Each structure stands twice: as structure tokens, then as C-alpha cells.
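Would you be able to build a 3D model of this:
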Amino acid sequence: MIPPSEAREHYRFRLFVAGTAPRSLRAVESVRRLCERHLCNRYELEIIDIYQQPDLAERDRILAAPILLRVTPAPERRIAGDLLDEDRILRSLQILPAAEAHR
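You can find the predicted model right below:
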């Protein structure tokens, strides 16, 4: 479980997508919605197209897309594949759901 002191931290994410494929567009929409719902005013989201910026994908050792990286707070965490399951993303990236953060 996440300590209460971390519930108000600022988060930085990198979302790696593959062009404008439907799966990429759904991932962007889903991650933006999740961030607004659970981290409103406490996040930065950088979207990186691996076709347009392959050097950034290589830097972060990204081999496929979509992949969401939580850059901060440390340690770095990542989740790949289907980014439509909000609960799975929250658990994988250790983000406290908004309802729990306000308790």
C-alpha cells in the first residue's frame, strides 16, 4: 500500500505510442483520463511517438508500444500493452486512487 505522504506527490509520465494507430489514440485518451481523474494538477504527461522520436524510445529501452513509464516519483515503473484497464494501471504504477487519496 502507498504511504499517505506519497498520496499528494507530483508524477511525471512518458507514454510511448506507435504513430496514430487506433490503439495508440485509445492509450493516449485513457491515460489522460486516468491522470485527470486521479492526479489532477499533480502530473506531467509526455507523449512520445516511437516512429518520430526513435532516439527517445531507445534511451528508455522501449521495444514496443504503447508503454507508460512513471518517471517520478522514483523508482521508475512501467506498464505495457492494453492501457484501458484503469485499475491495472493504478496498481502497476502504484498510484493511489483519488477516492483513497482524499481519506
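
give the contact list for the spatially closest residue to Ile62 that is not a sequence neighbour.
In space, and not counting its chain neighbours, Ile62 is closest to Phe16: 4.8 Å by Cβ to Cβ, 6 or more residues apart in numbering. From N, CA and C alone the C-beta is placed, and that goes for glycine too. If you count contacts by Cβ atoms under 8 Å, 6 or more residues apart in numbering, Phe16 has them with 48, 50, 57, 60, 62, 65-69.

cutoff 10 Å now
24, 27, 46-50, 53, 56-57, 60, 62-69, 78, 80 (Cβ atoms under 10 Å, 6 or more residues apart in numbering).

that's a strand at it, yeah?
Yes. Using DSSP: H, G, I helix; E, B strand; the rest coil, the assignment for Phe16 is a strand.

helix, strand or coil for the residue most central in space within the chain?
For the chain, the residue nearest the mean C-alpha position is Leu68 (4.2 Å; Cα atoms, centre = their mean). Secondary structure, three-state DSSP: Leu68 is strand.

My read is that it contacts Glu76, right?
No. At 11.2 Å, Leu68 and Glu76 do not qualify as touching, with contact defined as Cβ atoms under 10 Å.

tell me which helix or strand of this protein sits lowest on mean pLDDT?
helix 98-101 (a mean of 66; mean pLDDT, DSSP states H and E).

what touches both of Leu68 and Glu76?
14, 93.

The nearest residue to Cys40 once chain neighbours are set aside and Ala27, how far apart?
Spatial nearest neighbour of Cys40, excluding adjacent residues (Cβ to Cβ, 6+ apart): Ala98 at 7.9 Å. Counting by Cβ to Cβ, to the nearest Å, the separation of Ala98 from Ala27 is 20 Å.

Of those two, which one has the most company?
More crowded of Ala98 and Ala27, by other Cβ atoms under 10 Å: Ala27, with 24 against 15.

what helices or strands is the helix or strand harbouring the more buried one leaning on?
Secondary structure from DSSP states H and E places Ala27 in helix 22-39. When contacts are defined as 3 or more Cβ pairs under 10 Å, 6 or more residues apart in numbering; DSSP states H and E, helix 22-39 sits against strand 11-17, strand 43-49, strand 67-72, helix 86-92, helix 98-101.
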